Structures are given as C-alpha cells and as structure tokens.
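In: Fold the following for me, if possible:
(chains A and B)
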There are 2 protein chains.
Amino acid sequence: MPVRRPAVAALAAGLLLSAIAHADEGMWMPTQLPELAKPMRAVGFRGDPRALADVTAPPLSAVVKVGGGTGAFVSGEGLLLTNHHVAYGVIQYNSTPGRDIIEGGFIAEGRGDERPSNPDFRVLVTIGFDKVTDEVLEHARGTTGRAYFDAVDAASKRIVAECEQAGNVRCSVANMYYGTDFYRITQLELRDVRLVYAPPRAIGNYGDEIDNFMWPRHSGDFTLLRAYVGRDGKPADYSADNVPYQPPAHLQVAREGLQAGDYAMLAGYPGTTFRHRTAAEFAHQVQATLPQRVSVFDALIDALEAAGSADADVRTRYASQLQSLKNNRKRAAGELEGLQRSRAVDQRSADEAAMLARTTGDDLATITQLQAILADAAGQGERDLLLGLVASQTQLMRSALLLERLRIESAKPDEMRESGYQQRDQALLEGVLKQVQRRYAPQAEKALLTVLLGRYQQLPDAQRVPAFDAAFGRTPEALERVLDRVYAATSLGEEPARLSRFAAARDGRPMADDPLLALAAPLVAAQLELEDARKTRDGEQLRLRPAYMHALFDWRASQGRAVYPDANGTLRISYGRVEALSPRDAVAFSPVTTVAGIVEKHTGQAPFDAPAPLLEAIAAEDFAGNADPALRTQPVNFLTNLDTTGGNSGSPVLDARGQVVGLNFDSNWESVSASWWFDPRTKRAIHVDMRYMRWLMGKVYPAPALLEEMGLPTP
Amino acid sequence: MPVRRPAVAALAAGLLLSAIAHADEGMWMPTQLPELAKPMRAVGFRGDPRALADVTAPPLSAVVKVGGGTGAFVSGEGLLLTNHHVAYGVIQYNSTPGRDIIEGGFIAEGRGDERPSNPDFRVLVTIGFDKVTDEVLEHARGTTGRAYFDAVDAASKRIVAECEQAGNVRCSVANMYYGTDFYRITQLELRDVRLVYAPPRAIGNYGDEIDNFMWPRHSGDFTLLRAYVGRDGKPADYSADNVPYQPPAHLQVAREGLQAGDYAMLAGYPGTTFRHRTAAEFAHQVQATLPQRVSVFDALIDALEAAGSADADVRTRYASQLQSLKNNRKRAAGELEGLQRSRAVDQRSADEAAMLARTTGDDLATITQLQAILADAAGQGERDLLLGLVASQTQLMRSALLLERLRIESAKPDEMRESGYQQRDQALLEGVLKQVQRRYAPQAEKALLTVLLGRYQQLPDAQRVPAFDAAFGRTPEALERVLDRVYAATSLGEEPARLSRFAAARDGRPMADDPLLALAAPLVAAQLELEDARKTRDGEQLRLRPAYMHALFDWRASQGRAVYPDANGTLRISYGRVEALSPRDAVAFSPVTTVAGIVEKHTGQAPFDAPAPLLEAIAAEDFAGNADPALRTQPVNFLTNLDTTGGNSGSPVLDARGQVVGLNFDSNWESVSASWWFDPRTKRAIHVDMRYMRWLMGKVYPAPALLEEMGLPTP
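Out: Numbers count the residues shown, from 1 in each chain, chains lettered A, B, ... in the order given. Coordinates of the predicted model:
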C-alpha cells in the first residue's frame, strides 16, 4: 500500500489546517471533562466523564506527582508505577560499586528488601483543588503594575502558608488562564518512597540519547516504587518501622493492549505550555526569540570549540557545558523548524484576527493595552537572553554576581529574601561556588563573555543598561581590555577566596575586595532594577490577560469548543487515540513497535546493548500471552496523538475502560514545538506498552509477587 | 493502519527465507527471457518475451552503454536518455566560469546549440552477441593452471583483434557462468555525443551525498544527450558536419506512470555480482574479507586523523583520501551488515549443501578440487588486501613501485607489456606522478605504512613474502627504522626527481639511484611472482568452476528455476514490480515520492537548495497532466524490487507494454550487500519517475521541441 500524502494544496493553504488543528488537542482540567462527554465518546471513551471530574477522588486520586514527573498507584499497598528516567535518581542512589543496579536492574526480594530513595525524593498526592480567585485578587483589583503583582503575590503566599499549617502537605496557588482564575492545590507529601523493581539500564534506557525524541522506539522505560507512611498513616521520613501507604485509589493494569485507532487517555502533571499566547508573542517567538537562541548558542559553541581545539584540559572542563549548549541549540532549532512547518504564526494570527473581529468594548480596549505591554517586553528579549546567559554560562562571573546578590539579600530578614538566597538555599549556593574548579578555564570564560557582551554591545540603545555599558565599555576593544584586566587580577579563581567571601556575604559581613566583585556590584544593582521592571510588567500582564482569555472563551464557544488552561504543573487529562505517524513525504511509522526492533538495533555497544536474557527470551518467542494478536509478536512501545509536554513523563495511559495500557515517556522530534502549537499531523506521545512490562516481569526478569499484587496473572 | 511486520519466528528461521529468496531475483541475459514467459506474465508482463530475446534487434537495441552506465535512445534522431550523474563529465566539460551549466542546467537552443562531450566519452551500441565458447576453450581444454589461463587469454585477445579489424566497433569476450560460456560482444562505438538537456545541479543531484543510497529520494537525475555520426552514417569524431545518428531502435516514453504493485522491468549493463560464488566464498567474505576491510580502513582513518589533528596542512592534503577511506569503510560495513541481516552465509550454505547432495561423479570431484583452490586463495586474502593498499594508499611508495614496474615493462615490446604500462598509458602514469605534490606529507605516509606493514608483520608465515620481510624487517621497531631512514633520504618527494626517473624508465634507460627505488625493486619482483601465482589460480578456477555451475543448473532446474550469469557488464534484463520498503521495525516507506518532499527537504543550502523556479512551480500546482491520479500531486521518484548493481545507472525502466516509465539511478542503503545476496525483503532500486521529467521539461524548464521529438504532448 502506498502511503497517501495530503496534496500539496493542503500543505500550502495554511488556513485549511485551522479547521482540524484542534482535533484531539487539549490538556483538560478534570473539572472540564463532563462538558466534553460528547467528543470523548465520539473518540471511543466508554465511561462517564463525570467520574473523572474530581482530582481528589478515585480514579484520578491514584495519579500523583513523582520527582519531576508523574506516576500512578497500581496497588492498594502503595505500589507506584513511573518511568525509569523519573526514578533514575532513586536507582542511582541505591547503586554501589559492588552492586551496580543501574546496569543490572533491581528486583526487591520482598518488602524488607525495598530500598529507600534519596532523601529529597517526594511523591505528592493531590488532596485538594479549590478555586480561590476572589481571595487572590481581592486586594489586586483596582490596582495596576507592580502593586497588582505584589497583591497577587502576597495573597498567594498567605494562602499557601495557611494551607501548610496543617502539616504534611505542600500547597500552592495555580494560576489558570493567565490570571483569570486561581486554584489552591493541596498535596499530601510522601517522604518515604522505596525502590521495588527497575529493569537493567539497557532495557529502561535502550537507545539513550540516540533514540531520545525518536520513533520508532524500543524502551522499557518503567520502574516500580512503593510509598510508605508512619504507623499512624501519616507522611514520615524514612524509617524501617514505616508501613506501606494505602492510597485513596489505585489503577488496574490492563490484560490487553491497544490497536491503531483505539481510544486512549492520559493523566499527568504537564509543566508549561504557551498555546494561548497572543499572535504577536507567537510571531516574536518564531521571528526573534528562537533565531536569537540558535544564533547565540551557535556562537557559544564555536567559542568553546575554538578554546578547546588546542587544549585538552579546556575540552575536558567544558565538555558537559558544550554538550548542554548543543542540546539547547538542537531544541531551539527543532522548535523553530516545527513552528515553521506547522505555519503556527499564520494560523495563530488568523485565529486571533477572527477572535478580535467579534470582540468589542472594554475587553478590546484591555487587549490593546496588553499588546502594548507585550511589545515592550519583547523589545527587551534579546538583552534579557544575553544577560541571563552571562550569569548561567560562566563560572567566575556567576560566582561574583551570586556573592554580591547574597550580600544584599542577607541584609534582609530571611522570609523577605528573594527565593534562592534564603537560609535553606545556602548549601546549594556553596555547592555552586565549589564546583567552579572543575569547570573553569579563564580563556574559555573570557571567550564566552566576549560572545555574549559583544552581542550586547550591538544592541540598540533602548535595550542597553547604563551600568553594563559603564562596566564593559561600548566597543570590542574596551570589552577585551576590561576582561583581560579583571580576569588577570581576580582571586575568585581560587576556591578559598570564593568560600571566605561566601561566609562573609552569608553572615552580612563585608567581603574582601576583588576586581571581579567590584565589577559585579553595579551589575547586580542594575539587575535588581530590571527585576523590578519585570515584576511591574508581570503585574500588568496578570491584570490585562484575562480580557484576552475572555475573548478567547467567547470565540471558542462560538466554534463549539472549550478552552483548556495552558499547562502549569497541575493535574490534567488528555484524550485521543493510538495513531501512526507520517512525518515526511513517503515515510510512515507504525504506531506499535515490537521486539524485532530490539534485535535489529542491538549492536552489543551501549546504548544498543540489549541484555542477553532479553535477547534469549525474544529468540525463545515465549511471550506468555502478551503477544499482540494481530502482529503475532511482543509489542514494546506505542504511539498516540495525546497532548503532552514536559512533566507528563510517567503518566499512565488508560484505555476506554480506564485500565492502564501504557506509560508515557517521550515525544517524537517533530513535536518539540508542541509547547506552543499542537499540530495534529505530527504531535505524538510515546508510551511503554504495558504488555512489554508484564512480559519482562513475567518471563525475563520475573517478579511474580508484584504481578499478583497488581492483580495480574503470572505465567 | 499499523505496518505489519513478519513475526520474529520468520526472522529467526533463516531457512524459511530460502523459499522466497529468489522472488524477482535475476539479471537475465535477454536470450533467456523466452523460457521465463510464465513467471514474467505472472508478475504482469503483457508482451511476448521472445521479442526481447535479441539484444541486437528492437527494442533492446535501443539500450546502450553510456560512459560508465547505461542509456536508451528515445527518438529516431539519436536522442539519448541517461542519468545526470552518468553524463556529469559532459556537463562539466561544457561548464565555464561565464556560464556554469552544472549549477544552472542546460537546454540546447536547437540542434546547432547541442554541445560536444569530452573527447573520451563514448556510447556503445551492441550490434553483435555471439557464443564463442568452443573457440575460446579450444586450446585450453586438456591443460591446467597457468596454461589454461594463457590459452583463454590468447584466444580472447585474438577474437577481439579479429572483430575490431572491421573498424568503428569495440569488441570484447564476455565470460558467462564463470568459464562455462564465452560470448563475443560487438559494439558500435559512437564518438560524437552531445549535450542536449540537463536540469540544474540542485534538481539533477538534489540531496547529493546526504541522500545517496537513501530512500525516500527526490532527485531529477536525468540528462538528454544526442549521438551523432558522419554524413556516411558511420561513427566519427566530433565535427560540425556530423548528422544525428539514427539508432536501430528507440523507446517510447510513457504518458502514464506506475502504482505500487505494477509490473516493471529494466534493461542495462550491470557491472559485477558474486551471487553464484561458493558457500565457502560467502563465508570468507563475511567472516574475513569484510571485517578485515572495516578494520584496516578504521586503522588508516585513525592514522590520518591523528596525523592531521595538529597539522592543518596535512588535513588539507589528505582530506580527499580520508573521505574516500570513510566511504569505503561505510560501504564495507554496510555490505557486512546487510549480509549478516540476510543470513546470507547460512542460506547459501544450506542451498549449496542441498545441491551437492544431488551431485555425483566427475562434477563432484571437480568441485572438490575447486574448493581446495579457493581455500588456498582465501588464505592469501589479507596479505593481498594489505599489499594492495600499500600501493594504492601511498604517494611516494606508489611512485617508486610504479617506476620500477614501468622500467621492467618498458623492456618488452609494447603489445607484450602489462595493461596499464603501455605507450597509451603514459600520460596517465605521468599524471599520477605529478599529483603526488598536492597529496603527500611524509609523516602521514609513514603512519599509513606503519598501519599496513605492521599488520602485514602479524600475518602467519604462510602469508608473508620473503622480499617484504627482508625490506621491512619482522618487528615494529625494524619497520620504523626502515621507514625513517628511507623517507629521510629519498628524493622522490621532489617532482623533478620523479619525472626524470619516469623519463628514464619509460625509455628503458637506467634510473638514478634512490633509497626508496632501491627498497621498491625487490618488492616489485616479488609482486610479479605473486601475480604469476594468481594467474595460475585464476586458470584453475576458469577450468574448475564450470562443474560447480553445471551442478547449480541441475539443482535449480529441479526447483523449476533458471540460472542467470553473474553480472559482467553485458546487457541484462530484470523484471519485477513497484514495491514499498519496510526496512526496520515499525518503519514503512512508500514506493512513490512527491514534490511535497522537495519542499520539506529544502533548506536553501546545498545539497537541499531547490531552485526558485521549481519551488514556484510546485506551489502553483500546475502539473500539466503529470500528477498521479491517486496521490493527486506530482510524483518524483519511485521504488521497485528490480535486480540491479553498479553499471545499471541510467537503465530505462519499462512498463508492461515496454514504454519508459522510469530511469534507474540508485539503490537503497539496505541493498549494498546485493552484489552478493539478493534479499527480496530489502533489495530495492530507485528510479526517476518519467512524469517528473516530463513535468520539468514541460512546465519548469521548458523544452517543447524535445518533448515533441519524443512523441510526448507539450503543455
């Protein structure tokens, strides 16, 4: 069968796509699901969406935040399913030179053998989700700018503090629809989490960076943890006396899998999206921000490669930073490419124009004000990018800026200090100052600053800051002189020099003189002013954006569509189906991969070094009932059109009956731009097929007691 | 639709594949086609195979050798269709700084504007194909070894000389079925060939090296030439007075294209295949030759990269050699990977075992002798590889070996000299000696020789040659001393020193002393002895292999199958169908690409810099009747399962009625191993869709007169 491609007509006519661009798009608040009953049933959902509306009741109360991702309880005894990469820190924490469980995997021999996680690892169970809009905005209403920002900030902090008084909970105020609504999220904080089952690295992370963002994929990216509580049933630090947590709900792992076209849905905690930003913000992202990022990352990469080309020591010290710059460059270029391919700017513009054409009165006036504020912020974008990189891409300069800021913050009472400079942050700050030694070479840092500040010097007057001009001059020659002079004279390259000043700044004592500290002091003062201006703009956006959202609600309602809030780390549901991917002319990817692909990719060298027991089990073809009936072999991963973003790692994928058929772990490369624009032609999410997990746990690295605990048959 | 993959069972059970391994395999001599009528018709052929049996009669007389590939006449006035890359030298020859027709393409403004080709460019029209087995073997029969070789060689040379006496023809003796049959091929040699139409580089070679061997593909790799003859109708050198050649036949370009599953066939001049080599030769190729090649190429690449790492001049001088080594390494690794993936050794072994089980008497005894000869040759394989690279990968060492050999050959009458050292070769030899300067650095050459001769020193005694041991010692230290001494003292690094010795050697005068020449003299003497031994072995193989082929004929006949001779540069036909490709788990490629892919790949940077007129024409969607009815857009390239190898470039692809629907130009990466083993799951040939050519010539870079000449509608 030839793969059918849309005629070029459809590719060329951007607006044609608008009609389908919302198909299956949406990270819905569970409370919205009842109004989506019709489209959910049309795709194949068989349950009652009202049963999914309460995040604090079964079944959704089984879906929890785990580390930086998502997980789900899969037994009444606190057994928790998440990704291998989400639980990686826990696995690493329990790995020793004598027993490398990263490489070899881990199967607890009974509950007594379950291993404690690193102390800062947390599982958060959402137990409250309450609208507090009026409380948050009470004192903000009627104000503008910085006052609006401060009123919202103060109200939010008060709500959080009151909420956390009960103890054992972590509270937050979530901003939905850009200042339109605020919700208080109450989460039970489970602090004793243990490692139960992890596959070997070459299964859990088969393909590693090479396969990252790729499809077809062949990864067993899952791990089982267990949450424990004190004997009183309350959250507790690790103790041998603790008992398994009994979650308010747990999900049933399915006995069957999905086929192409089958209904699927996913619950999780997606981090951040920008889907409801204005057309001007879309245009700025594509025309300015992303090209600027690609360009400056390219220049920094070139600078580091040049500095390292003749110096192996520099290469070693900057290897990790260089790799990170390359990854960031790739991400920015991929996002740009995706937004251009999807014609996101044209589509968002046409959509917004249609919306504004039906918006009148106060809302329209407010939106006009908003657009002016956004244009002003956009005008500072390149400056903010460059100055941000001056701090984040350097070691000595970063140290100097950090010390000076710490000195200023330490003069305030602890609770008034900027987040990141409080008492509880000091170990982290000291760590930053200590790691300088392994990652610093003066010629490389000067080369990086020459790129960043050289570009800064080229900015138009309106973007530049007098303190920076004064510090670094206005010409490349002046910049070179300053950097040469300061880096030759500073003592901050010596760890004792940094740490003695850290002790002084932390304790509010004056720091011993240093040329780099002297250079940094007026820069920090200028940054504080920029920060103040940013908060003023943020306050205005908080005040003005709700008008834009109201106009959008009306416009979508006229189209028969609901509006989900952009992702903000709160629990969301997306629904859709198992769907193949045809990303390019004449290329078609099946939505299901099989163990044949593991064998094909196997080279014996990491990351394609499938363990011998896995290869033998594949060759033996004893799939113990987990083979796909149509493919007649063992499925491994599958693809859906579900709407996901960072934070959805470990999200359970449910079938039409609400049973767990998959575990979300990645997206395809074509959808890196989905944080801004959901393109149904290319947006896919990648999941571990639960039949692969069941087969691994049944036949390859057996754990029959765990299968039984999950109510699954043992082979 | 999910892409269905064979169950792992089928992948694992190699022998299961034997049953299908011959589907559509075959580079048939046209004389064999009548016996293939049934399978050809089963695939969809609608004509009479007997009409294709005579290579000297229409329609096959339209298919000719062009440069290093194939072409076909497509009008009665000598218009010739071949690949852009086959005609590249002609395009380059006519490109000037003032008018870069490589970049811009070329359309002749009438016949007077058609441009002459480079003087050594030839078109060969096959006008005779006659079996001469008895004549060739008359004096060989009853002899063995070197005598057998020399008798075949002498008879072949005599036949060629007699044949060429008529003039204007080039004759050759083709060895079919490894010494079983010999054919005299008579070809009319057309020397006045002109450039008529070439697309711009960014169409004719869209994707260049990046897309080479890749599918999906989007290349317009075609060019039109025209053959001219003297006013007397006979071949002639270029002259303005010449007239278009009237070919004995020409093909009709089709008005419609093919769909997946449609019948297709291809005629051309494939170069070399090894399909009927013995199981032991297959095993040696996979277990020894290819891994040895990969390993030694890796070591040479490492040596050049190390030599160049701190020296930009060395990097420049060796850039082209390094790229070539990398390409060779990639090819060898790809061939190895493909043969392993296809389990070619297991399958060939099982097939041969079944064959030998039914072979008896003299044939079986002869095959046993053959196997001993082959084992002996295989035992020298690594030595021959290394010593071959000593000559081909060096500059000064190669020069010394060449000069010494030239000195020896020049002592003989010209017609007795080894090919490559005759009078007519001297310009080429001088060129080799002159280009040394741009490609030589002593430390890099010593590093290469250290790799090659270091490996040579590790070979078992039976493979080593006393003269080489004497020259380079038996230890790395001895080797280093010899190389340091000789390269410090030789004057062959200077061009005048090489050319003065060239003049002496060529004229049979003694060459001035030089340490490297002194080192080379005994090596050349040893190489001559090795050459003599090789000819003796070759004679034995010529004598013994026919028994193996007879056994194969019988075995295949019992399976109801015919046997095609391995490719040897003579005209062959393969038939099959348009077929998709699913090379890996969950990956499926459509067999037809469209102009949408050109737009998707376009970056504006070579090799993905589609010309503006092409992009505009794609956007305009005026495909002038060339759109595919099912895809509803313009097709570009398509994929068949036809059996091809190097030399098939430019082969016309014909539909069931014998009309030209495509032009062969490449294969997919998975089929680089097809010179040894045809795997129907992965062997594909890549063609330009004639609808793309017609659209380009009709709408994008119009040439209505040429379309009319080919009997095609103009838009």
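In: Only C-alpha atoms from now on, for both contacts and neighbour counts.
Out: Will do.
In: so what's the residue of the stretch 101-250 of chain A found nearest chain B up against?
Out: The shortest separation between the stretch 101-250 of chain A and chain B is 6.1 Å, found at residue A:216 (distances taken as CA to the nearest CA). Neighbour list for residue A:216: A:589-590, A:593, B:585-587 [criterion: CA atoms under 8 Å, 6 or more residues apart in numbering or on different chains].
In: Dump the residues you listed to CSV, plus pLDDT.
Out: Output for those, formatted as CSV (pLDDT from 0 to 100):
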residue, pLDDT
A:589, 97
A:590, 97
A:593, 98
B:585, 97
B:586, 97
B:587, 97
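In: among these, who's most crowded?
Out: Highest neighbour count within those, by other CA atoms under 10 Å in any protein chain shown: residue A:593, with 31 neighbours.
In: and it, how far is that from chain B?
Out: Here the criterion is CA to the nearest CA, to the nearest Å. By it, residue A:593 lies 6 Å from chain B.
In: Quick check: that residue is in a helix.
Out: No. With the criterion set as DSSP: H, G, I helix; E, B strand; the rest coil, the secondary structure at residue A:593 is strand rather than a helix.
In: picking that back up, give me the pLDDT value at the residue of the stretch 101-250 of chain A closest to chain B.
Out: If you check residue A:216, the pLDDT there is 98.
In: so where do the strands sit in the stretch 451-600 of chain A?
Out: For the stretch 451-600 of chain A, the strands defined by DSSP state E, counting those that start in this stretch occupy A:572-577, A:581-584, A:587-589, A:592-594.
In: Mind putting those into CSV with distance to residue B:636?
Out: As requested, the strands of the stretch 451-600 of chain A are exported to CSV (distance: least, CA to CA, whole Å):
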stretch, distance to residue B:636
strand A:572-577, 33
strand A:581-584, 14
strand A:587-589, 14
strand A:592-594, 29
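In: Can you tell me which of those strands is most buried?
Out: Each of the strands of the stretch 451-600 of chain A was assessed for mean neighbour count using mean count of other CA atoms under 10 Å in any protein chain shown. The highest is strand A:592-594, with a mean of 30.
In: Note down every partner strand of it and its orientation.
Out: The strands beside strand A:592-594 in its sheet (DSSP bridges) come out as strand A:635-640 (antiparallel).
In: relative to strand A:572-577, how tilted is the strand it pairs with?
Out: Relative orientation of strand A:635-640 and strand A:572-577, computed by axes from the mean of the first three to the mean of the last three CA atoms, to 10 degrees: 100 degrees.
In: Identify the residues contacting strand A:635-640?
Out: For strand A:635-640, the surrounding residues in contact (CA under 8 Å, 6+ apart) are A:217-220, A:264, A:576-580, A:591-595, A:626-628, A:684-689, A:691-692.
In: now do stretch A:243-257
Out: Taking CA under 8 Å, 6+ apart as the criterion, the residues outside stretch A:243-257 that touch it are A:57-62, A:72-78, A:226-231, A:233, A:626, A:628, A:658-661, A:689-691, A:710-712.
In: Check the gap between residue A:665 and residue A:221 for me.
Out: 7 Å (CA to CA, to the nearest Å).
In: Walk me through the domains of chain A.
Out: Here the domain assignment for chain A is A:1-11+A:26-122+A:191-272+A:571-715, A:127-190, A:279-286+A:339-547, based on automatic domain parsing.
In: How far does the shortest one sit from its chain's centre?
Out: Right, domain A:127-190. Here the centre of domain A:127-190 is set off from its chain's centre by 22 Å, with CA atoms, centre = their mean, to the nearest Å.
In: How about stretch A:116-132?
Out: Distance, stretch centre to chain centre, for stretch A:116-132: 17 Å (CA atoms, centre = their mean).
In: Figure out the length between the terminal residues of that stretch.
Out: Length of stretch A:116-132, first residue to last, CA to CA: 37 Å.
In: And for stretch A:624-639?
Out: Across stretch A:624-639, first to last residue, CA to CA, it's 23 Å.
In: so residue A:217 is in which element?
Out: Secondary structure here is read from DSSP states H and E; on that basis residue A:217 sits in neither a helix nor a strand.
In: can you give me the strands in the stretch 151-300 of chain A?
Out: Counting by DSSP E, counting those that start in this stretch, one finds strands in the stretch 151-300 of chain A at the ranges A:169-176, A:181-190, A:192-198, A:223-229, A:243-244, A:263-268.
In: and the longest one, C-alpha only, in PDB?
Out: Pointing back at strand A:181-190 there. Extracted as PDB, the C-alpha positions of strand A:181-190 are listed here (Å, rounded to 0.1, in the frame of the first residue of the first chain):
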ATOM      1  CA  ASP A 181      -8.700  32.000  37.800                       C
ATOM      2  CA  PHE A 182      -6.600  30.800  40.800                       C
ATOM      3  CA  TYR A 183      -6.700  27.400  42.500                       C
ATOM      4  CA  ARG A 184      -5.300  26.300  45.700                       C
ATOM      5  CA  ILE A 185      -3.700  22.900  45.300                       C
ATOM      6  CA  THR A 186      -3.200  20.800  48.400                       C
ATOM      7  CA  GLN A 187      -0.900  17.800  48.100                       C
ATOM      8  CA  LEU A 188       0.000  15.200  50.700                       C
ATOM      9  CA  GLU A 189       3.800  15.000  50.700                       C
ATOM     10  CA  LEU A 190       5.000  11.400  51.000                       C
END
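In: quick one: that strand to strand A:223-229, angle?
Out: Comparing the axes of strand A:181-190 and strand A:223-229 via the same axes, to 10 degrees yields an angle of 80 degrees.
In: So which bits of strand A:181-190 are buried?
Out: The neighbour-count check on strand A:181-190 (16 or more other CA atoms under 10 Å in any protein chain shown) flags A:181-190 as buried.
In: can you tell me which two in those residues are farthest apart?
Out: Checked with CA to CA, the buried residues of strand A:181-190 reach their widest spread between A:181 and A:190, with 28.0 Å between them.
In: Find the nearest non-adjacent residue to residue A:669, please.
Out: By the measure of CA to CA, 6 or more residues apart in numbering or on different chains, the closest residue to residue A:669 outside its immediate chain neighbours is residue A:213, 4.7 Å from it.
In: Right, I'll leave it there.
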